[in-house]
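J.: Everything below, folded, please.
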Amino acid sequence: MKRYLFGMIMSLSLVACGADDNKKQDAVDVDASRLVENIRVLASDEFEGRAPSSPGEEKTINFLKEKFEEAGWKPGNGESYFQAIDMVEITAAPDAAMTVAHAGGEEKLAYGPGYMAWTKRVVNAVSVKNSEMVFVGYGIVAPEYGWNDYAGLDVKGKTVVILINDPGYATQNPELFTGNAMTYYGRWTYKFEEAARQGADAAIIIHETAPASYPWDVVQGSWSGPQFSLASEDGNMDRVKIEGWVPGATAEKIFTAAGLDYAAQKEAAATAGFKAVPLKAKMSLSLNNKIRHSKSNNVVAVLPGTERPDEFVIHMAHWDHLGKDESLEGDQIYNGALDNATGTAGLIELAHAYKNGTVKPKRSVMLMAVTAEEQGLLGSLYYGEHPIVPLNKTVAAINMDVLGHLGATRDVTVIGYGNSELDDYVEDAVKKVGRVVRPDPTPEKGYYYRSDHFSLAKVGVPALYIDAGVDHVVNGEEWYLEQAAKYTANDYHKPSDEYSEDWDMSGAVEDLTLIYRIGLRLATENRFPNWREGTEFRAKRDSMMK
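T.: This is a model prediction of the structure:
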């Protein structure tokens, strides 16, 4: 789950570096035809949508190993190119519709159009029966903002119903949370985590396209079929029994049956001191689970540094997508061409750029293609918890999650601008290629929390999230945003995300060249980057660097 607009998506951590080295960086081995060919292979039907722990994974990770070897890179995990991860795959099947009983009768919601639900608990079956439904607003406990939607509330055995995003977005009040910009409290991942901490039996998020930033089709495509988790000692029994979503129209019916005005309740939920509201309804749902224990792999390759090989710059991209859904009519394969065959193929280009560059990195460079991003950043989460390189020796993580296919843009967007003390170096890097920096134009969509850079940011490794921008050099900004909206509506997390001969990869080549030059600057500097004072990641970085 990430910023999937057409621009290049990357998380960058930058430091100042030697100007003399930078002057030598003229020719960069980034080849458009090679990039396209590797995208075509990774997004082909033969790779079956690149689902973790599938035949598609085996083809994908061995393809990447082969390409890294051909480019002259060494295994990144001891003698292996793979970091194996114990996974649990759960495919949930409801034994009947979700039932919502209220004074006016019963709502029977059909799986797919009416609701999506699953469990992370590693059990053969899970059931919630006649569970009282409680509207908990945004489901946030944030002492730093003076906010607690669960204050004085006991939700044990109950089903909490939650709004997506956070109050700052709803009110557009810059003094509330961070205003229009989503915080982590607005993400669906947080909502389920907090509901579990509160002891709820089930947690249901209300979907609305604008605050979620994607349509209901994406909810259906993303949460149907096998759902992966990292293996844990308790079998994920600390999670709520059932996690799920319902469309806004369904929620409105439930509120109306309870004699509540849905719009008025949403408005109330965005004010400080909101008190949870019983929905005078009871939810019942049973899920039968097909459980499979498996392994998946991050793919890791290294180019040792010439002077400080124990210090590392990491380039990342997720290789996985959604696999295939045999229940679909027609095309059943989620090829994931833009998301993220482009970024994965970009890693191969970086392998050639570093190996064949005239300036050799003084620090080591790691290329890491991570697994299970689409399942909740699991591959990068595992790496953050089990780093191959000590975190205090990790200079930066540079993440690519979708490269542009519409041609070049004039601007570069810094998502989370102001978090890092090194924003000025972003400005310097793009000025050298004639582009400009702009803040994230859609901070309400929470893109900073939706790709693999966030897993390393959480453990303190500096990361600054940058997109290629929206001002297309030929067609301008309005046209570019229109194309982005079409992709979101028609192709994102759908089988139609396939490679097309119409793609213009010239912008991707420029972006990859920029990424390489920034990474090389990091790999030739002897300073370590940090976060600005007051940012949520600063304390962990300071602690590890003592």
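J.: Could you list the buried residues of the helix or strand harbouring Val246?
T.: Assessed by DSSP states H and E, Val246 sits inside strand 242-247. Within strand 242-247, the residues scored as buried using 16 or more other Cβ atoms under 10 Å are Ile242, Glu243, Gly244, Trp245, Val246, Pro247. All C-beta spots, glycine's among them, are computed from the backbone N, C-alpha and C.
J.: So which of those is the closest to Val41?
T.: Closest to Val41 out of the buried residues of strand 242-247 is Trp245 (34.1 Å), distances taken as Cβ to Cβ.
J.: what about the stretch 301-450 of the chain, any weak spots by pLDDT?
T.: 422 (pLDDT under 70).
J.: mind listing the helices for it?
T.: 343-356, 378-385, 423-431 (DSSP state H, counting those that start in this stretch).
J.: My guess is Ile53 contacts His293. True?
T.: For the record, residue 53 is Ser, not Ile. No: the pair Ser53 / His293 is not scored as a contact, 9.2 Å apart, by Cβ atoms under 8 Å.
J.: what's the overlap in contacts for these two?
T.: Taking Cβ atoms under 8 Å, 6 or more residues apart in numbering as the criterion, Ser53 and His293 both touch Met87, Glu89.
J.: Tell me which of the helices of the stretch 301-450 of the chain lies nearest to Lys282.
T.: Across the helices of the stretch 301-450 of the chain, closest to Lys282 is helix 378-385 (Cβ to Cβ), at 33.4 Å.
J.: and the longest strand for this structure?
T.: For the chain, the strand that runs over the most residues, judged by DSSP state E, is strand 277-303.
J.: which of the residues in that one are buried?
T.: Of all the residues in strand 277-303, those buried under the rule 16+ other Cβ under 10 Å are 277, 279-287, 289, 294, 296-303.
J.: which regions of this structure sit below the pLDDT cut-off?
T.: 1-26, 422.
J.: Scan it for its longest helix.
T.: helix 506-524 (DSSP state H).
J.: Compute the inter-axis angle for that one and helix 343-356.
T.: 50 degrees (axes from the mean of the first three to the mean of the last three Cα atoms, to 10 degrees).
J.: tell me which residues in helix 506-524 are buried?
T.: 507-524.
J.: swap in stretch 434-441?
T.: Residues of stretch 434-441 classed as buried by neighbour count (16+ other Cβ under 10 Å): Arg435, Val437, Arg438, Asp440, Pro441.
J.: if we can go back for a sec, what residues does the strand holding Val246 touch?
T.: Here strand 242-247 has contacts from 98, 109, 113-120, 126, 128, 159, 188, 192, 201-207, 216, 219, 223, 285, 287, using Cβ under 8 Å, 6+ apart.
J.: Go again with 6 Å.
T.: The contact list for strand 242-247, computed with Cβ atoms under 6 Å, 6 or more residues apart in numbering, reads 115-117, 119, 128, 192, 202-205, 207, 216, 219, 285.
J.: Please apply the same query to stretch 291-303.
T.: Contact partners of stretch 291-303, identified using Cβ under 6 Å, 6+ apart, comprise 52-53, 61, 64, 68, 73-74, 76-77, 81-85, 87-90, 354, 364-372, 379.
J.: Which of those residues fall within strands?
T.: Using DSSP E, the members of those that fall in strands are 74, 82-85, 87-90, 364-370.
J.: most surrounded residue in these?
T.: Within the ones in strands among the contacts of stretch 291-303, most neighbours by other Cβ atoms under 10 Å means Val370, with 29 neighbours.
J.: Great, nothing more from me.
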